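Colleague: Provided below for reference: sequence and predicted model.
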Amino acid sequence: MTSTAARDLASEHVDVLIVGAGLSGIGAAYRLQQQCPGRSYAVLEAREAVGGTWDLFRYPGVRSDSDIFTLSYPFRPWRDAKSLADGASIRNYIERTATEEGIREHIRFRTKVVDASWSSAEALWSVRTVVGEDAVPRTLTCSFLYVCAGYYDYDHGFQPDFAGVEDFGGRVVHPQFWPEDLDVAGKRVVVIGSGATAVTLVPALAGRAATVTMLQRTPSYVSALPAVDQVADTLRRHLPAGLAHTLIRAKNIGITQAFYQFCRRRPELAKRLLRKGLLQHLDDPAYLEEHFTPPYDPWDQRLCVTPEGDLLQAVAAGRADVVTDTIDRFVGPGIRLSSGRTLEADVVVSATGLSLLPIGGMTLTVDGVPVALGERFAYRGMMLSGVPNLAFCVGYTNASWTLRADLVSQYVCRLLNHMADHDIAYGAPVAPPAETARPLLDLTSGYVQRAIDRFPKQGRHDPWTVRQNYVVDRVAMPRADVRRDMTFVARASHPAGSAPPAAARSQPREAVSR
C-alpha cells in the first residue's frame, strides 16, 4: 500500500504516536503533555487495560524485583507500604496515573500494531493496526513514532521442548499464562527455573501446596531485602510527599548503583557478602553451596531479590525444597532427572524464562525498504541508525526500568522541541562507519542470548553506547546535544499543534546535518 493510500484510509493523525500503555508508555505520555504542550498524541495498547507487563503477569506472588520507589515515577510519589510491591498494586498505580493525569482518554485499547512505514516525501509514519477480537484493520499516521512496548513477547513465553511431556499425568503451566482455575492446594508442585519468576513463585505456592520443589539447572544469585523500607517510612511521616519521594529515590539509587559497581569490580568479595546475607535466613552452608552458588560472577545475570528472604525461609521451614539437576525426560508421575531421581508432581510450572521481542514485534520500512533491526545501531539506546523520527524505550538491566525510561522520554521531548523550534520535518541518527558493534543488552541470561541478534547493536563510543549507570545518565542525558550524529531535514513552517491536513503539508526542503 502506498503512503497516499494509507493516509486516505487513516481515521486519525497525531503528532506523536506512543505504542504501549505500560509503565513506559504512560510515563512518556505524561512527559509529552508537560514538556511538549499542544502536540496531539495517542497511545496504542494491544491489551484491554493499562499496565503492560503488570497487567499481563497474574501468577501467584507476582511482584517487582526492583524497589518500588525507583520503579515508580519521579513525578508521582509511591504511597503504599511495601518497598517490593506486588503486581496488583503496581498495576493500580499505573492505572491511577493514567486516569488522574488525563492520559487515559488518549489510549486506544485492543489496538495491536502490525507494521509502520515511513515516507520521507510526506514526513510521516503510516502505522497499520488491527483492532479488537475481529482484528479490524485501521491505519493511523503520525509525525513521530515512540515505541514503549518493552521487549517481552506478550503472546509467547519461552517453553523448552521437554522430552516425554506428553506422558506426564499431571498439568504443565507457564507463569506468563497462569490458569484462573488452577488450585494447587494439596498438590505436589515442581517449579522449573531459578530466575526471578521461580524465586517469586516458590514461596507464594509453599503455603498452599502439599510440596513445592524448585528444580534448577544452574543456581542464581539471591539477595534478601526488607519488605518495608524503614527509612522511607520515617521520611514520609515527617516530610511532604514529593520531597520524601525524591530523597527516598536518591537513597535507593545510590545504594543499588554502588552495589552494582561493587559486584563488577570486586566479584569475589561480593560473592562472600551475598552468601553471608543468605546464611542469616538459612544456616546450612552445604545447602547454600549446592543450590545458591552460581558458576558466574554477580550481575553477569540479573540478581534475584526476595522480600525478607522468603524463599530461604520457606526452605528452612521445610515448606519448599531446591534441587539442582538437569531433566532427562517427563514420565507419568513427574520428572526423571539426569541423576536417575524422579520428582513426583501433580503440577509442573515451567518458569523457564521469557521470549524477547524488539519494538513490540512490529516491522518497519523506510521509503519502501525493510529495516533489519539486527543490522542497525542504537543511538543513545533509544533511536535506530538511519530511521527517521522514531524512538524506542529500553530500561536498565541493573536497576529499575523506569529510571532510564523517564530519561529517554524527557530526551525525546527535547528532540521534538528542537525540531519544532528549528522548523525540522524529520531527523535520523547516522552511525559512524567505523563503529564497532556490541550487543544492546549486556546480560548472559539465556532469555537475552536467545534473541540478542534480533535487537539493534550498540557501539563503543558515545552516543552509540548504552550506559548501565543511572547516576551518569542523570547528569549527561539532559545536557546531551540532540544534534550530535544526527541528520535533519527542514521544511517550511506550519501552524503549531497537530500536523496540517495532508494537502497542506509542505514538502521537506534542504538537508541540515549536525
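Modeller: Perfect, thanks for sending it.
Colleague: which of the three states applies to V113?
Modeller: Secondary structure, DSSP: H, G, I helix; E, B strand; the rest coil: V113 is strand.
Colleague: OK, contacts around the closest residue to it other than its chain neighbours?
Modeller: Excluding its sequence neighbours, the residue lying closest to V113 (CB to CB, 6 or more residues apart in numbering) is M362, at 4.7 Å. In short, each C-beta sits where N, CA and C put it, glycine included. If you count contacts by CB atoms under 8 Å, 6 or more residues apart in numbering, M362 has them with V19, V113, V114, D115, A116, V147.
Colleague: flag every buried residue along the longest helix out of those in the chain.
Modeller: Using DSSP state H to define each element, the chain has its longest helix at helix 241-265. For helix 241-265, burial by neighbour count (16 or more other CB atoms under 10 Å) applies to 244-249, 251-253, 256-257, 259-260, 263.
Colleague: tell me the average confidence for that helix?
Modeller: Helix 241-265 comes out with an average pLDDT of 93.
Colleague: same for whatever helix or strand comes next after that helix, what does it pack against?
Modeller: Sequence order places helix 267-279 as the next helix or strand after helix 241-265, per DSSP states H and E. If contacts are counted by 3 or more CB pairs under 8 Å, 6 or more residues apart in numbering; DSSP states H and E, helix 267-279 sits against strand 222-225, helix 241-265, helix 285-291.
Colleague: go with 10 Å
Modeller: If you count contacts as 3 or more CB pairs under 10 Å, 6 or more residues apart in numbering; DSSP states H and E, helix 267-279 packs onto strand 222-225, helix 241-265, helix 285-291, helix 310-316.
Colleague: show residues contacting that helix.
Modeller: For helix 267-279, contacts defined as CB atoms under 10 Å, 6 or more residues apart in numbering pick out 221-225, 259-260, 262-264, 266, 284-285, 287-289, 292-294, 296-300, 303, 306, 309, 311-312.
Colleague: ok and that helix relative to helix 241-265, angle-wise?
Modeller: Here helix 267-279 runs at an angle of 120 degrees relative to helix 241-265 (axes from the mean of the first three to the mean of the last three CA atoms, to 10 degrees).
Colleague: now helix 267-279, how far from the centre of its chain.
Modeller: Taking CA atoms, centre = their mean, to the nearest Å, one finds helix 267-279 lying 28 Å from the centre of the chain it belongs to.
Colleague: how many other residues sit next to Q449?
Modeller: Using other CB atoms under 10 Å, the number of residues around Q449 comes to 13.
Colleague: give me the pLDDT for it.
Modeller: Each residue has a pLDDT score; the one for Q449 is 73.
Colleague: do the same with R380
Modeller: pLDDT recorded at R380 is 95.
Colleague: spatially central residue for the protein, please.
Modeller: G150 (4.3 Å; CA atoms, centre = their mean).
Colleague: was I right about that residue contacting G360?
Modeller: Yes - between G150 and G360 there is a contact under CB atoms under 10 Å: 7.9 Å.
Colleague: what is in contact with these two at once?
Modeller: Among the neighbours of G150, those also in contact with G360 (CB under 10 Å, 6+ apart) are G20, F392.
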